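J.: Build me a model from this:
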Amino acid sequence: MKNPNQQEHLSEYQQVATCAIIKKQDKYLVAQRSSNMKYPLKWEFPGGRLEAHETLEECVIREIKEELGVGIEIIEYWGSAESLDPVYPLHLHGYFCRITNGIPRCIEHQEVKWLKLEELKSLSWAKSDLYFVNKLITKADSKEGKKL
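T.: This next block holds a predicted model:
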């Protein structure tokens, strides 16, 4: 899958953001938005908004360092999802990543935790992240899922 240039998207959408899908053994790292964030207490794959001077890859690495206090390595671009929410339209780019140093901690979020794939369904997700949750579940149900 081609990794898009962020400049192509800046004019099309109000917000461009990235998220990290981080897997360790058989669990995925998820974060609960704090009560003072947009969409309070919703769950998400951690990440954040693209700044004008950076690439999508630089954004996801920076955001994970700021939000969780860990270093990451990008493994694979995993696509993008568009949320047409009238209050907060967003184009979210997902990356499969692995932690290279540090232990995730709550810096900006209410809570962070590691969950098995089947546990992801039980959370109240931010709409933009649902695309990646559903993609994980679909891939796990297919032959490709063995790679997840």
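J.: name the element residue 62 belongs to?
T.: Using DSSP states H and E, residue 62 sits in helix 56-68.
J.: list the helices and strands that helix packs on?
T.: strand 15-24, strand 27-32, strand 47-49, strand 71-83, strand 90-101 (3 or more C-beta pairs under 8 Å, 6 or more residues apart in numbering; DSSP states H and E). Every residue, glycine included, has its C-beta placed from N, CA and C.
J.: if you set the cut-off to 7 Å instead, what comes out?
T.: Taking 3 or more C-beta pairs under 7 Å, 6 or more residues apart in numbering; DSSP states H and E as contact, the helices and strands that helix 56-68 lies on are strand 15-24, strand 47-49, strand 71-83, strand 90-101.
J.: In the helix ranked longest in the chain, which residues are buried?
T.: Longest helix in the chain, counting residues (DSSP state H): helix 127-141. Within helix 127-141, the residues scored as buried using 16 or more other C-beta atoms under 10 Å are 127-129, 131-133, 135-137, 139.
J.: Can you add pLDDT and give those back as a markdown table?
T.: Shown next, in a markdown table, are the buried residues of helix 127-141 (pLDDT from 0 to 100):
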| residue | pLDDT |
| --- | --- |
| 127 | 87 |
| 128 | 88 |
| 129 | 93 |
| 131 | 93 |
| 132 | 95 |
| 133 | 95 |
| 135 | 94 |
| 136 | 94 |
| 137 | 90 |
| 139 | 86 |
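J.: closest to residue 110 among those?
T.: Taking C-beta to C-beta as the measure, residue 110 sits nearest to residue 129 out of the buried residues of helix 127-141, at 15.2 Å.
J.: which residues sit in contact with the closest one?
T.: 19, 44-45 (C-beta atoms under 7 Å, 6 or more residues apart in numbering).
J.: Same question for residue 41.
T.: Residue 41 touches 32-33, 35, 110, counting by C-beta under 7 Å, 6+ apart.
J.: which pair in the residues you listed spans the largest distance?
T.: Longest span within the contacts of residue 41, C-beta to C-beta: 32 and 35, 9.7 Å.
J.: The two: which has the busier surroundings?
T.: The neighbour count for residue 32 versus residue 35, taken as other C-beta atoms under 10 Å, is higher for residue 32 (20 against 8).
J.: doesn't residue 40 make contact with the more buried one?
T.: No. With contact defined as C-beta atoms under 7 Å, residue 32 does not count as touching residue 40 (9.2 Å).
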